[in-house]
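J.: model the structure of this input:
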Amino acid sequence: MTSFSIGSLKSISRPLALGLLLAGGLHAAIPQGNLIVNGSGAAPVATGWTVLATGGGGWFQNGGGGYDATPGFFITSYIQCRRAQTIDLLALGATAAELDNSPTIRVSEAISSYLQGSADKYYIKVELRDASNAVLAVWNQGTQTVPLTAPSSWTVFSAEFKNYGPGVRYIYFEDGGIDSGYWAGNYGTYHDAASVQFIPDTDSDGMPDEWETANGTNPNVDDANADLDGDTLSNIDEMTLGTRPDLRDTDADGYDDPYEDKFGSWLDAQHTGTDPLKPDTDADGILDGLENPDLPYLDETQPGTDPNKADSDSDGMPDLAEIANASDPTNPGSVPTFAYGNVMVENFDGVSVNSTYAFTNSAGTFAPAVTASGVTQQANAARLTLTGSGNSNTSIAWNSVSSNARSVRLTFDFRMSADVSGEAADGFGIGFFKTSAYGTAGGSNPGYTPALDLNWENPDVGPGHPNAVVFGFDIYGGTTDGNTVRLTGPAVGTPLLAKAVPSFQLNAGVFHRVVITAITNGASSTVFSLQIINDVNGAATVQNLISNVVVPGFDITADTFRLIAGGRTGGSTVTTELDNIALQSTTVLPPMPVVLSAVMDRATNPPAFAITWSSVAGVSYVVQSSETLAAPWTPVQTPVTATGATTTLRIPVPSGSAQKKFFRVGLAP
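T.: Numbering: from 1, shown residues only. Modelled structure (predicted):
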């Protein structure tokens, strides 16, 4: 295993500091501020820029809004638009001697696009050139021939040039974009806040003034090799690593910066493999400093889990979900198990439990209904869309039911006809919608939000729907993206959480069963899985498509929700039917036990060790022992079922037993 050592880091400190020292030394002759003219769209693009290409609607100056405080930004069109600007550094007052000292140069630009998923493309190119225009250094964000997909909201792309050597006299800045969707007008990439600037370093210590001021070092004194926080990393080493020189533990996760070596694998508590800039490196909901594989699994405040692995024992269940559900996250043979009970049932044949639903229709003329399904096992089904009915956006919404629990399981059957046009516009979805945003009763169709590209019945890419966990199904249609299942979370702006496109084929015209499982992952997040049983009434085959994906912002134990299922038809129309909806849940997780006392009673023969802990009547607990405070932990007897708020277990201690013995109490699996 490769390890990170403080010695190896300090051995590079002086050469590293020297290299950055040469990059400093700015004086008054170096031009300050943004060297780009008209970078924020304050004037038409012809001001300051040389237009290289202006196809379609050409470069368009939008006079308002934008990324920065300067009103205006630029928009491209449906044929690639390109522009460039050359900065003559000597003409701006810089001297050759100072430029040859390689002062740090920062370049950046803010990019956005008209609409999520609208296929806008952009690129940025910056070159440092010498007196003969030969290129000394270059930064590309995409290229003219291979542009990148533009983000849906303003995003700053930046780079810094350092240690590029002598000779720079010009800086060449070029960018461009195109609306690949080929909409007439200006619906391409948005460009704002283009910037080129030198970064001052008053004391020539290799640490820019702005960084020193923000991080507690002195911009007027060469303190590169000092160690302000006493963590054995020099100030300039901390700048290189991205950590703070005034904090021993930059991310406040419990491990000091030198111990977090970013190797990605645990060696020991001084070589953790974690990221010093991420308090939860593996994003499992547990601070890095609370995870230590060298310690035994004791309780949820000090698990012996690995901070580099969200699933330490590789059993498919995230660590925090195991801790929250009384399972051992360090034992692959231990996974949460649940007993489910019906919360809501509806088969549209007259059998229902707590089911009160309403149809809605926000587009087209199709009226949803409960109709004969034509399949023996399902006498009736809820019809959400109908072939030949025209565009529609129809849903069925159930009133909320009480189901706050450790785990919830949703099952339903669905059937769709063939999409004969080959389009992928038709789809359906089902989701857990928070009642805080969508109410508790009546018809509610979340609808389609064009500005956010939120098609909840078939969530494709980008943001999730607000306050909901939604599964979208896009099947039978499309030449590139048919037979797809997608999962989005409740936070708008977050990326798609899961997209399953395995080599499976779901046939049209037959019912398939979906099983969605939600398991608490501690406070404020839930683990979701999805399974499809293909042709449930025929030659059924099981396909596990989404497994144990953590969805932040949705807490199955605390958030009340209602089910909403919907179908949408676009350029082509298909029949979509749902049947046999069943929502099941478990009981609420009891609190972890707290040991109240542990005493030795030597009056008995043999002596007995009495352990008393907090408990919940009816809940089973297990007591385990170990002689070394490490695995293996052995149950001292079968699980104990509590009868009150406290429980006591007397454990005989036979003569000749080990001098030391440790005990722990937990919830029985």
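J.: direction included, what does the host helix or strand of F432 pair up with?
T.: Assessed by DSSP states H and E, F432 sits inside strand 427-434. With DSSP bridges as the test, strand 427-434 is paired with strand 468-474 (antiparallel), strand 561-569 (antiparallel).
J.: what is the mean pLDDT for that strand?
T.: When pLDDT is averaged over strand 427-434, the result is 88.
J.: give me the contacts around it.
T.: 384-385, 410, 412, 414, 416, 444, 446, 455-459, 465, 467-475, 490, 514, 516, 518, 554, 559-568, 576, 578 (Cβ atoms under 8 Å, 6 or more residues apart in numbering). Backbone N, C-alpha and C define where each C-beta goes, glycine included.
J.: list only those of those flagged as buried.
T.: 384-385, 410, 412, 414, 416, 444, 446, 455-459, 465, 467-475, 490, 514, 516, 518, 554, 559, 561-568, 576, 578 (16 or more other Cβ atoms under 10 Å).
J.: tabulate the strands paired with strand 427-434 (JSON lines), appending distance to G216 and mean pLDDT.
T.: Conversion of the strands paired with strand 427-434 to JSON lines gives the following (distance: least, Cβ to Cβ, whole Å; pLDDT from 0 to 100):
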{"stretch": "strand 468-474", "distance to G216": "42", "mean pLDDT": "86"}
{"stretch": "strand 561-569", "distance to G216": "46", "mean pLDDT": "87"}
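J.: so which of the ones you listed comes closest to T70?
T.: strand 468-474 (37.3 Å; Cβ to Cβ).
J.: now find how far off-centre that closest one is within its chain.
T.: 17 Å (Cα atoms, centre = their mean, to the nearest Å).
J.: now the element after it, going C-ward?
T.: Counting by DSSP H and E, the next helix or strand C-terminal to strand 468-474 is strand 484-488.
J.: which elements pack onto that following strand?
T.: When contacts are defined as 3 or more Cβ pairs under 8 Å, 6 or more residues apart in numbering; DSSP states H and E, strand 484-488 packs onto strand 468-474, strand 498-500, strand 525-534, strand 541-552.
J.: can you do 10 Å?
T.: Secondary-structure packing of strand 484-488 (3 or more Cβ pairs under 10 Å, 6 or more residues apart in numbering; DSSP states H and E): strand 427-434, strand 468-474, strand 498-500, strand 525-534, strand 541-552.
J.: looking at the ones you listed, which is closest to A598?
T.: A598 sits nearest to strand 525-534 of all these, at 34.0 Å, using Cβ to Cβ.
J.: avg pLDDT for that closest one?
T.: Rounded mean pLDDT across strand 525-534 is 92.
J.: who does that strand pair up with?
T.: Applying DSSP bridges, strand 525-534 is found paired with strand 512-520 (antiparallel), strand 541-552 (antiparallel).
J.: compare the mean pLDDT across these and name the weakest.
T.: strand 541-552 (a mean of 90).
J.: between that one and strand 484-488, how many degrees?
T.: 20 degrees (axes from the mean of the first three to the mean of the last three Cα atoms, to 10 degrees).
J.: list the buried residues for strand 541-552?
T.: Q543, L545, I546, N548, V549, V550, V551, P552.
J.: follow-up on the earlier one: among the helices and strands packed on strand 484-488, which comes closest to G333?
T.: From the helices and strands packed on strand 484-488, taking Cβ to Cβ, the stretch that ends up closest is strand 541-552, at 16.8 Å.
J.: measure how far that closest one is from the centre of its chain, please.
T.: 16 Å.
J.: how many other residues sit next to V135?
T.: Look at V135: counted by other Cβ atoms under 10 Å, it has 11 neighbours.
J.: okay, and the residue nearest to it when sequence neighbours are not counted sits in which element?
T.: Nearest residue to V135, sequence neighbours excluded (Cβ to Cβ, 6 or more residues apart in numbering): E127, at 4.9 Å. Per DSSP H and E: E127 is located in strand 120-129.
J.: for I178, find the nearest of the strands paired with strand 525-534.
T.: strand 541-552 (34.2 Å).
J.: just the helices in the protein please.
T.: Using DSSP state H, the helices of the chain run over 6-11, 13-22, 96-99, 209-215, 235-241, 319-324, 435-438.
J.: just put the helices and strands packed on strand 484-488 in a markdown table and tack on distance to T648.
T.: A markdown table is the format used below for these (distance: least, Cβ to Cβ, whole Å):
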| stretch | distance to T648 |
| --- | --- |
| strand 427-434 | 41 |
| strand 468-474 | 43 |
| strand 498-500 | 46 |
| strand 525-534 | 35 |
| strand 541-552 | 37 |
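J.: returning to that earlier point: tell me what the strand holding E127 is packed against?
T.: Applying 3+ Cβ pairs under 10 Å, 6+ apart, we find strand 120-129 packed against strand 81-88, strand 105-113, strand 135-141, strand 148-149, strand 155-161, strand 170-179, strand 189-198.
J.: turn these into JSON lines, columns for mean pLDDT and distance to T240.
T.: Converted to JSON lines, these look like this (pLDDT from 0 to 100; distance: least, Cβ to Cβ, whole Å):
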{"stretch": "strand 81-88", "mean pLDDT": "97", "distance to T240": "28"}
{"stretch": "strand 105-113", "mean pLDDT": "95", "distance to T240": "16"}
{"stretch": "strand 135-141", "mean pLDDT": "97", "distance to T240": "19"}
{"stretch": "strand 148-149", "mean pLDDT": "92", "distance to T240": "27"}
{"stretch": "strand 155-161", "mean pLDDT": "95", "distance to T240": "12"}
{"stretch": "strand 170-179", "mean pLDDT": "97", "distance to T240": "24"}
{"stretch": "strand 189-198", "mean pLDDT": "96", "distance to T240": "20"}
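J.: output the ones you listed as TSV; include the columns distance to D294.
T.: Formatted as TSV, those follow (distance: least, Cβ to Cβ, whole Å):
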stretch	distance to D294
strand 81-88	55
strand 105-113	42
strand 135-141	43
strand 148-149	43
strand 155-161	39
strand 170-179	51
strand 189-198	47
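J.: closest to Y438 out of those strands?
T.: With Cβ to Cβ as the criterion, Y438 lies closest to strand 105-113 of the helices and strands packed on strand 120-129, at 29.0 Å.
J.: domain map for this structure?
T.: What automatic domain parsing lists as the domains of the chain is 26-198, 249-337, 359-585, 595-667.
J.: could I get the full set of strands for the stretch 351-500 of the chain?
T.: Using DSSP state E, counting those that start in this stretch, the strands of the stretch 351-500 of the chain run over residues 352-353, 357-361, 369-375, 378-385, 392-398, 407-416, 427-434, 448-449, 454-455, 468-474, 484-488, 498-500.
J.: right, I'll leave it there.
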